[in-house]
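Undergrad: Quick one, fold the following:
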Amino acid sequence: QVRVVESGGGLVQAGGSLRLSCAASGRTISFDDMGWFRQAPGKEREFVAAIRWSGGGTSYADSVKGRFTISRDNAKNTVYLQMNSLKPEDTAVYYCVARFGVTTAQAMGDSRSYDYWGQGTQVTVSS
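TA: Numbers count the residues shown, from 1 in each chain. Model (predicted):
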């Protein structure tokens, strides 16, 4: 069974940093794209960042550009989200996502293009 499992959430003060991890398991072939979405209370789910496994191309939401960095470890089949200069508005449940198959760069930011979702990890940024 293919799974993605997040870790690394927690409570941090504004201006601080956190690193989220997402480990993929259950299949020897790597996903084609992996990424992160988030959902804050009372708000719609939104795209955060994604990375293409082959070539390492990345995509970011405008709200996190320059503060968040997505990366991958091929050997560990793991993707990371380094979050710096965190703001209270970054508070949300963060979900790791993954998909197989080639897609467009635009689709990397579309939740409908991802087949695998983690259980979510809470990130809380205090002011």
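Undergrad: Now do the strands for the chain: every range, in order, please.
TA: 3-7, 10-13, 18-25, 33-39, 46-52, 58-60, 68-73, 78-83, 92-99, 116-117, 121-126 (DSSP state E).
Undergrad: Contacts only, for residue 110.
TA: residue 47 (Cβ atoms under 8 Å, 6 or more residues apart in numbering). (Each C-beta comes from the backbone N, C-alpha and C, glycine too.)
Undergrad: Same check on residue 99?
TA: Contacts of residue 99 (Cβ under 8 Å, 6+ apart): 31, 32, 33, 34, 113, 114, 115, 116.
Undergrad: quick check, nearest of the residues you listed to residue 1?
TA: Distance to residue 1, by Cβ to Cβ, is smallest for residue 116 among these, at 10.2 Å.
Undergrad: Spatially, and excluding backbone neighbours, which residue is closest to that closest one.
TA: residue 98 (4.3 Å; Cβ to Cβ, 6 or more residues apart in numbering).
Undergrad: can you pull the contacts of the closest residue to residue 96 other than its chain neighbours?
TA: Closest residue to residue 96 apart from its sequence neighbours, by Cβ to Cβ, 6+ apart: residue 22 at 3.4 Å. Residues in contact with residue 22 (Cβ under 8 Å, 6+ apart) are 4-7, 34, 36, 78-81, 96, 98, 118.
Undergrad: Adding distance to residue 15 and neighbour count, write these out as JSON lines.
TA: Formatted as JSON lines, the contacts of residue 22 follow (distance: Cβ to Cβ, whole Å; neighbours: other Cβ atoms under 10 Å):
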{"residue": "4", "distance to residue 15": "29", "neighbour count": "23"}
{"residue": "5", "distance to residue 15": "28", "neighbour count": "14"}
{"residue": "6", "distance to residue 15": "23", "neighbour count": "22"}
{"residue": "7", "distance to residue 15": "23", "neighbour count": "14"}
{"residue": "34", "distance to residue 15": "27", "neighbour count": "27"}
{"residue": "36", "distance to residue 15": "21", "neighbour count": "27"}
{"residue": "78", "distance to residue 15": "26", "neighbour count": "19"}
{"residue": "79", "distance to residue 15": "24", "neighbour count": "28"}
{"residue": "80", "distance to residue 15": "20", "neighbour count": "19"}
{"residue": "81", "distance to residue 15": "17", "neighbour count": "25"}
{"residue": "96", "distance to residue 15": "25", "neighbour count": "27"}
{"residue": "98", "distance to residue 15": "31", "neighbour count": "25"}
{"residue": "118", "distance to residue 15": "27", "neighbour count": "21"}
